[in-house]
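*Asks:* need a structure here:
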Amino acid sequence: MLKIHQIFILKFLLLFVTALLISSGISYITLKDIIIEHNKNHLKHAIELMEISLKNIDNLDEFSAQINKKTALRVTIIAKDGTVLAETDADKEEMDNHTSRFEVMLSNTQEYGDIIRYSSTVKADFLYIAKKTFYKDEQIYIRLSMSLAQIMYDFYSLWTKLFFVFLVIVVIATFISKVMSQKVVYDIGQITNYLDEVSNKNYKAVVKTKYFYEFLQISLLLKNLVKKLSKNEKNKSKHIAKLRLMNKQRNDILSALSHEFKNPVAAIMGYAQTIEEDAQMPQNIRDKFLSKISSNGDKISKMLDRLALSVKLENGDLTINKSEFELSLLCLEIASNFSSKYKDREIVVKVEKLLIFSDKTMLELVLSNLVDNALKYSNGDVVIVLKNYKLSVEDNGIGIQEKHLQKVTNKFYRVDKNSWDNSMGLGLSMVSYVLKLLSSSLEITSEFGKGSTFSFNIKSMIRG
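*Replies:* The predicted structure follows:
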């Protein structure tokens, strides 16, 4: 199979030689016509000179012989009736009547009559030019002719020189095409070596094409592609590392789920078995055990709800149902709900009356998770405050170390690995998802050992 540079050379030479042959054919025909036309003009000028000298000529045979000697042209002088009066290349007495000769007849209607034909007298092809004129008040015809072989000799002599010129041009073109081919091979070699390096994942390989603009463009496109491949390779490595981390976190969470489910399930089974075995159990103790069973069942239900909600949020299955409501009332309601659960804690609400237009259920989920999170990881008061369209939940608890700040909103991520407390590391992850749906985002500021503030902007939730 031919290589690209070989195909290039062959096609280049084929096109060049074809063009040369076509141009040669055209030039052959053109030059032939030009030379014949040139000789016609030469004969016409000779006839005109003969006309000038005729008035001083007494002997036409001598006159014709002199012209033939000086010009090497065949001279024929014909009378009006077709009789040959003088002839340089044959015996005029043996020549036929020339009245019917085409060039003679044509000269009766045109200034000159011309034709190329075979002469039966001298057995050769001739170019004939005839003109009607007068000699001593008698009409005659002067006819000059020259051998076509002589004309073609001049033509072939010129054509031979042109052929050698064409041959030199072909040799030069072959040399140039070979040089160009070597340059093509060099540039292709550079690109091939570069691709080989890239296939071995050497993304820092260098390609240097230097002869052809098209190969330069290809090398630039390849460099851009390799940059993308390198970037994708890095992203792939990061993604694999992230997947490994997620798998580890999920293994941790599954382990924690197993532990968290065991406690309430074991409690439910224990209380239920005790009630079943002791038919004489006092009613107040039975009611207390049933309350414990209900409480642990509710705990399991909430854990499952959190998982289901997290999956829905991640899959984008939740829709936002906006309505107008009073923000301060929602904050007070949430504070009241948590006050009944944390009776020894105080939740302070510093939110003025403000109508907002948003999804009340989703916003309640956000605030409940933030307040619950603040209560779990602090011992003092928790404050819900609105300032400059930013709603914040503040605590003075243990705070979050800087290395954890960018990760606490990741799904299944927990700062304290030993304190799952049924949340499974989903609370802040859900908050981030929901706020994104509500055209806002979670902001966290924290100082380790002093407390944390979880905030989000509600300006987009206010009409007008």
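*Asks:* When you work out contacts or count neighbours from here on, use the C-alpha atoms and nothing else.
*Replies:* Fine.
*Asks:* for this protein, where's the lowest mean pLDDT among helices and strands?
*Replies:* Of the helices and strands making up the chain, the lowest-confidence element is helix 402-405, at a mean of 62, by mean pLDDT, DSSP states H and E.
*Asks:* What's the first helix or strand after that one?
*Replies:* helix 427-437 (DSSP states H and E).
*Asks:* Low-confidence ranges, the stretch 351-464 of the chain, go.
*Replies:* Scanning the stretch 351-464 of the chain with the threshold set as pLDDT under 70 gives 401-427, 464.
*Asks:* The stretch 1-150 of the chain too?
*Replies:* Using pLDDT under 70, the flagged stretches of the stretch 1-150 of the chain are 1-9, 12, 28, 121-122.
*Asks:* swap the cut-off to 90 and go again
*Replies:* Within the stretch 1-150 of the chain, the segments meeting pLDDT under 90 span 1-40, 42-43, 49-58, 68-74, 88-96, 98-101, 103, 115-127, 135-138, 145-150.
*Asks:* what's the neighbour count on residue 268?
*Replies:* Around residue 268 there are 20 other residues, counting by other Cα atoms under 10 Å.
*Asks:* List the buried residues in the longest strand along the chain.
*Replies:* Longest strand in the chain by number of residues (criterion: DSSP state E): strand 124-135. By neighbour count with 16 or more other Cα atoms under 10 Å, strand 124-135 contains the buried residues 125, 126, 127, 128, 129, 130, 131, 132, 133, 135.
*Asks:* partners of that strand, with directions?
*Replies:* strand 113-119 (antiparallel), strand 138-147 (antiparallel) (DSSP bridges).
*Asks:* Of these, give the one that comes closest to residue 301.
*Replies:* Closest of these to residue 301 is strand 113-119, at 117.4 Å (criterion: Cα to Cα).
*Asks:* now the closest one: how far from the chain's centre is it?
*Replies:* 68 Å (Cα atoms, centre = their mean, to the nearest Å).
*Asks:* on that earlier part again, most widely separated two among the buried residues of strand 124-135?
*Replies:* Among these, 125 and 135 lie farthest apart (Cα to Cα), at 28.8 Å.
*Asks:* and residue 149, how far is that from residue 127?
*Replies:* As judged by Cα to Cα, to the nearest Å, residue 149 and residue 127 stand 10 Å apart.
*Asks:* Tell me the residue in this structure that is farthest from the middle.
*Replies:* Within the chain, the residue lying farthest from the chain centre (Cα atoms, centre = their mean) is residue 58, at 91.3 Å.
*Asks:* now the helices: where do they sit in the stretch 51-200 of the chain?
*Replies:* Using DSSP state H, counting those that start in this stretch, the helices of the stretch 51-200 of the chain run over 60-71, 102-109, 148-199.
*Asks:* Kindly reformat those helices as TSV containing distance to residue 227.
*Replies:* As requested, the helices of the stretch 51-200 of the chain are arranged in TSV below (distance: least, Cα to Cα, whole Å):
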stretch	distance to residue 227
helix 60-71	83
helix 102-109	83
helix 148-199	11
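*Asks:* is it possible to export these to CSV including distance to residue 220 and mean neighbour count?
*Replies:* Shown next, in CSV, are the helices of the stretch 51-200 of the chain (distance: least, Cα to Cα, whole Å; neighbours: other Cα atoms under 10 Å):
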stretch, distance to residue 220, mean neighbour count
helix 60-71, 72, 16
helix 102-109, 73, 18
helix 148-199, 10, 15
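*Asks:* among these, which is nearest residue 38?
*Replies:* helix 148-199 (9.9 Å).
*Asks:* Centre of the chain to that closest one, how far?
*Replies:* On Cα atoms, centre = their mean, the centre of helix 148-199 falls 34 Å from that of its chain.
*Asks:* by contact count, what packs against that helix?
*Replies:* For helix 148-199, the packing partners by 3 or more Cα pairs under 8 Å, 6 or more residues apart in numbering; DSSP states H and E come out as helix 4-54, strand 124-135, helix 213-277.
*Asks:* elements contacting the longest one?
*Replies:* When you say that, I think you mean helix 213-277. By 3+ Cα pairs under 8 Å, 6+ apart, helix 213-277 packs against helix 148-199, helix 283-315.
*Asks:* Kindly recompute the last result at 7 Å.
*Replies:* helix 283-315 (3 or more Cα pairs under 7 Å, 6 or more residues apart in numbering; DSSP states H and E).
*Asks:* contacting residues around stretch 336-346?
*Replies:* 347, 381, 382 (Cα atoms under 7 Å, 6 or more residues apart in numbering).
*Asks:* Turn these into JSON lines, including secondary structure and neighbour count.
*Replies:* As requested, those are arranged in JSON lines below (DSSP: H, G, I helix; E, B strand; the rest coil; neighbours: other Cα atoms under 10 Å):
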{"residue": "347", "secondary structure": "strand", "neighbour count": "23"}
{"residue": "381", "secondary structure": "coil", "neighbour count": "16"}
{"residue": "382", "secondary structure": "strand", "neighbour count": "23"}
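*Asks:* Columns distance to residue 334 on top of these, output as a markdown table?
*Replies:* As requested, the contacts of stretch 336-346 are exported to a markdown table (distance: Cα to Cα, whole Å):
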| residue | distance to residue 334 |
| --- | --- |
| 347 | 9 |
| 381 | 15 |
| 382 | 12 |
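*Asks:* And these, which is closest to residue 177?
*Replies:* Nearest member of the contacts of stretch 336-346 to residue 177, counting by Cα to Cα, is residue 382, at 85.3 Å.
*Asks:* show me what contacts the closest one?
*Replies:* Under the criterion of Cα under 7 Å, 6+ apart, the neighbours of residue 382 are 346, 347, 348, 374, 375, 394, 395.
*Asks:* Looking at strand pairing, list the partners for the residue lying closest to the last one once chain neighbours are set aside.
*Replies:* Think residue 395. Leaving aside its chain neighbours, residue 395 sits nearest to residue 382 (4.9 Å; criterion: Cα to Cα, 6 or more residues apart in numbering). With DSSP bridges as the criterion, residue 382 is bridged to residue 347.
*Asks:* For residue 382, give its distance to residue 373.
*Replies:* As defined by Cα to Cα, residue 382 lies at a distance of 10 Å from residue 373.
*Asks:* can you check residue 363 too?
*Replies:* 15 Å.
*Asks:* now swap in residue 82 and tell me
*Replies:* Taking Cα to Cα, one finds residue 82 at 135 Å from residue 373.
*Asks:* thinking again about what came up before, closest to residue 159 out of the contacts of residue 382?
*Replies:* Distances from residue 159 to the contacts of residue 382, taken by Cα to Cα, are shortest for residue 394, at 103.9 Å.
*Asks:* Can you give me the domain assignment for this structure?
*Replies:* Domain assignment for the chain by automatic domain parsing gives 4-156, 224-317, 319-461.
*Asks:* now these in CSV, with distance to residue 177?
*Replies:* Below are these laid out as CSV (distance: least, Cα to Cα, whole Å):
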stretch, distance to residue 177
domain 4-156, 6
domain 224-317, 32
domain 319-461, 64
